[in-house]
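Peer 1: sequence first, then the predicted structure:
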Amino acid sequence: MPLPALAALARALWRGDGNLLDLLPANAYQFDVGDLGYSRRSTVMFNDPVLVREILRDEAGVFPKSDLMVNALEPLIGDSIFVTDGDKWRRQRAMIDPAFSQLRIAAAYPSMLDSVAAFLDRVEGYARSGDAFSLDAQMSHLTADVICRTTFSTPLDGAISNDVFEDFTAFERSVAQVDIIRLIVKPAWSELEQPPQVLAACERIRRHLGALVDLHLDENAAYDDIASAVINARDRDTDRPFTRAELIDQLGVFFLAGHETSASALTWVFFLLAEQPAWLARLRDEVDRVVGDQPITLDHLRELPLVKAFFKETLRLYPPITFLPRVALSAIQVGRRRLRRGALVMISPWTLHRNPRYWTDPDVFRPERFTGDSDIPSEAYIPFGQGPHTCVGAGFAQMEALLIIASLVRRFDLYRLDNKPVRPAARLTTRPAQQIFVTVASRR
C-alpha cells in the first residue's frame, strides 16, 4: 500500500528486507518529477515519458548506469554490456546484437522446445500426484534450462549447469544492491561491500562459466548456439574477438538476465491465470484454434494475439525490472528540475505503467489494452527499457514466454494453494515477497 514519503521510508527500514517498492511514496504514482525519500546524495524519480526518453537516450553521456547497480553486479559480470556505458558499451553491443538476431531466435527455438517438453513432463507428474509446487522455483528452473540449452547446448541437469543455477540463486537472494541506510547517509560512488557468500558464489559461477566457454573454444568443437555466436563475434574496427574473460562477462549477463527476468514475468503470468480461470479458458481457446494438436511452431506464436496481449499486460503491471537507475555525472538541467552531480536518477517502469495520466484504470488487469486498435501510450510502456539500452534479448524473451504460456494453458488448469494476499517485492527483479504455490489438473 502506497504511503506518504516519511511513512514509506519508515516502513522500508522496519521491514528491512530490501524491497524497494516499500520506498515508493503514494505520490510517486502521479507526479512527473519528484524526490524519492530523503538521502544525502539526492534521489529523484522521473515519470514524465518525455524526460524519461531524454535520460535513457542520454545523448550528452551524463547518465550512466547507477554506481549502486554496477557495484552490485561487477563481481559477477565484470565489465559487461549490462553495466558499461559509452564507447565500451557501443563496441560490446555491436558485437553481441547478431547473437540475438531473428535468425538466432529461429536457431534457438528447437532447444526452447526441448526445455518446455521437459518442463511439461514435470508438471504432468505434479498433476498425477496432486502435489503443490512453487511457481517461482519452477519458472526459475525452466528459464535457466532454456538459457543453458540455447546458450551452451547443455540441459540444466548437467552438473556444471546445475551448479551455475544454484549459485545464481544464492547470488540473487543475497546481493546487496541497495542498502537503505547506506543510500540515505552515504555520498554517491561510495564503495558497496558485498557479503562473503555473494563473492564466493560469483567466483564459482565465473569458474563454471569458464568451463562451458572452454568447451566451445576447443578447436574441435562444433556448436550452433548463442555462446558460439558471441565467440565468433568480431569488433568491426579491429576484427578482434572477445577475450576469454570478456566472454565470461557477456555470457554471465545472458544467464542472469535471460533466466531471472523471464522467470519473474512468467511467475506473475501463471499467478494471474490461476486467479482468473476465465482468462485461462480464453487463451486456451485461442491456442486450440490456431495450433490444434500440432507442435507449436514460431509461425503459430505469431498468430496468438490474445496470448501476446495477456503477456504484455502482465509486463505492464509487473515489469521484471522495477527500476532503471542512473547517476548524474555532472550537474544538469532535466526539464525544470536541476540535478546535482552524483544524484541518483530513478526511472521506474513500475510507476510509469501505473500512472493514471497515461493509463485508464491503471491498477486493473486488462489485456484488451493490447489488442486491436487500442491506443497504447508507447512511451509510457517500457518493460524492456528504452533507447539505445533497450534489452538486447527482448525478442528472445517474448518468443520464449509465448511458447511457455501456450504450452502450459493448452494442457493444464492451475489453482492457487491458498488465497493469501500476494505482496510484490523489488530487488534484482520484481518477485512475490513469498513464494506462490499452485496445484494443476491435466486436460488429458
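Peer 2: Now that the structure is in, tell me what you want to look at. Please read all numbers here as calculations on a predicted model, not as lab measurements.

Peer 1: check the spacing between S378 and I296 real quick.
Peer 2: 28 Å (C-beta to C-beta, to the nearest Å). Placement of C-beta: from N, CA and C, glycine included.

Peer 1: the two: which is more packed in?
Peer 2: I296 (21 against 9; other C-beta atoms under 10 Å).

Peer 1: my read is that the more buried one contacts S407, right?
Peer 2: Yes - assessed by C-beta atoms under 8 Å, I296 is found in contact with S407 at 6.3 Å.

Peer 1: mind listing what the closest residue to I436 other than its chain neighbours touches?
Peer 2: What sits nearest to I436 in space, not counting adjacent residues and going by C-beta to C-beta, 6 or more residues apart in numbering, is L135, at 4.6 Å. Shown in contact with L135 (C-beta atoms under 8 Å, 6 or more residues apart in numbering): 267, 270-271, 435-438.

Peer 1: which of the residues you listed fall within helices?
Peer 2: 267, 270-271 (DSSP state H).

Peer 1: mind putting the residues you listed into a markdown table with distance to D35, pLDDT and neighbour count?
Peer 2: A markdown table is the format used below for those (distance: C-beta to C-beta, whole Å; pLDDT from 0 to 100; neighbours: other C-beta atoms under 10 Å):
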| residue | distance to D35 | pLDDT | neighbour count |
| --- | --- | --- | --- |
| T267 | 32 | 95 | 27 |
| F270 | 37 | 98 | 24 |
| F271 | 33 | 97 | 20 |
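
Peer 1: which one among the residues you listed gets closest to E219?
Peer 2: Comparing the ones in helices among the contacts of L135 against E219 with C-beta to C-beta picks out T267 as the nearest, at 41.4 Å.

Peer 1: before we move on, the earlier item: mind picking the two most distant members of the contacts of L135?
Peer 2: Maximum distance among the contacts of L135 (C-beta to C-beta): 12.5 Å, for F270 and Q435.

Peer 1: picking up where we left off before, any idea how far the residue nearest to I436 is from D58?
Peer 2: Taking C-beta to C-beta as the measure, L135 falls 36 Å from D58.

Peer 1: looking at this, G385 is in a helix?
Peer 2: No - G385: not assigned to a helix; according to DSSP: H, G, I helix; E, B strand; the rest coil it is coil.

Peer 1: which parts of the stretch 1-150 of the chain are helices?
Peer 2: 5-15, 49-57, 67-77, 86-96, 102-129, 135-152 (DSSP state H, counting those that start in this stretch).

Peer 1: indicate which one of those helices is closest to W359.
Peer 2: helix 49-57 (11.6 Å).

Peer 1: just the closest of the contacts of L135 to F242, please.
Peer 2: Among these, and counting by C-beta to C-beta, the member closest to F242 is T267, at 32.3 Å.

Peer 1: now do the contacts for that closest one.
Peer 2: 135-136, 139, 431-432, 436.

Peer 1: check the gap between it and R427 for me.
Peer 2: 14 Å.

Peer 1: A401 too?
Peer 2: Applying C-beta to C-beta, the value for A401 to R427 is 21 Å.

Peer 1: of the two, who's got more company?
Peer 2: Legend: neighbour count by other C-beta under 10 Å for A401 and R427, higher for A401 (23 against 18).

Peer 1: which strand or helix spans that one?
Peer 2: In this structure, A401 sits in helix 394-409 according to DSSP states H and E.

Peer 1: next one: R234
Peer 2: Per DSSP H and E, there is no helix or strand for R234.

Peer 1: give the closest residue to it in space, chain neighbours not counted.
Peer 2: Nearest in space to R234, with sequence neighbours left out and distances taken as C-beta to C-beta, 6+ apart, is P241 at 5.8 Å.

Peer 1: same check on L315?
Peer 2: Nearest non-adjacent residue to L315, counting by C-beta to C-beta, 6+ apart: P383, 3.9 Å away.

Peer 1: ok, V269 next?
Peer 2: T314 (5.0 Å).

Peer 1: and the one you found, how many residues sit next to it?
Peer 2: T314 has 25 nearby residues by other C-beta under 10 Å.

Peer 1: buried sites along whichever strand or helix holds it?
Peer 2: For T314, the host element (DSSP H and E) is helix 305-317. Under the neighbour-count criterion of 16 or more other C-beta atoms under 10 Å, helix 305-317 has 306-317 buried.

Peer 1: check stretch 428-438 too.
Peer 2: By neighbour count on 16+ other C-beta under 10 Å, the buried set for stretch 428-438 is 428-433, 436-438.

Peer 1: measure stretch 270-280 end to end?
Peer 2: This stretch, stretch 270-280, spans 9 Å end to end (C-alpha to C-alpha, to the nearest Å).

Peer 1: same check, this time on stretch 120-140
Peer 2: End residues of stretch 120-140 are separated by 14 Å (C-alpha to C-alpha).

Peer 1: any stretches of the stretch 51-200 of the chain with poor pLDDT?
Peer 2: The stretch 51-200 of the chain contains residues with pLDDT under 70 at 102-103, 158, 161, 173-192.

Peer 1: avg pLDDT for the strand or helix carrying A227?
Peer 2: For A227, the host element (DSSP H and E) is helix 226-231. For helix 226-231, the mean per-residue pLDDT is 90.

Peer 1: again, but for stretch 424-432
Peer 2: Stretch 424-432 comes out at a mean pLDDT of 85.

Peer 1: pretty sure R431 sits in a helix.
Peer 2: No - counting by three-state DSSP, R431 falls outside a helix, being strand.
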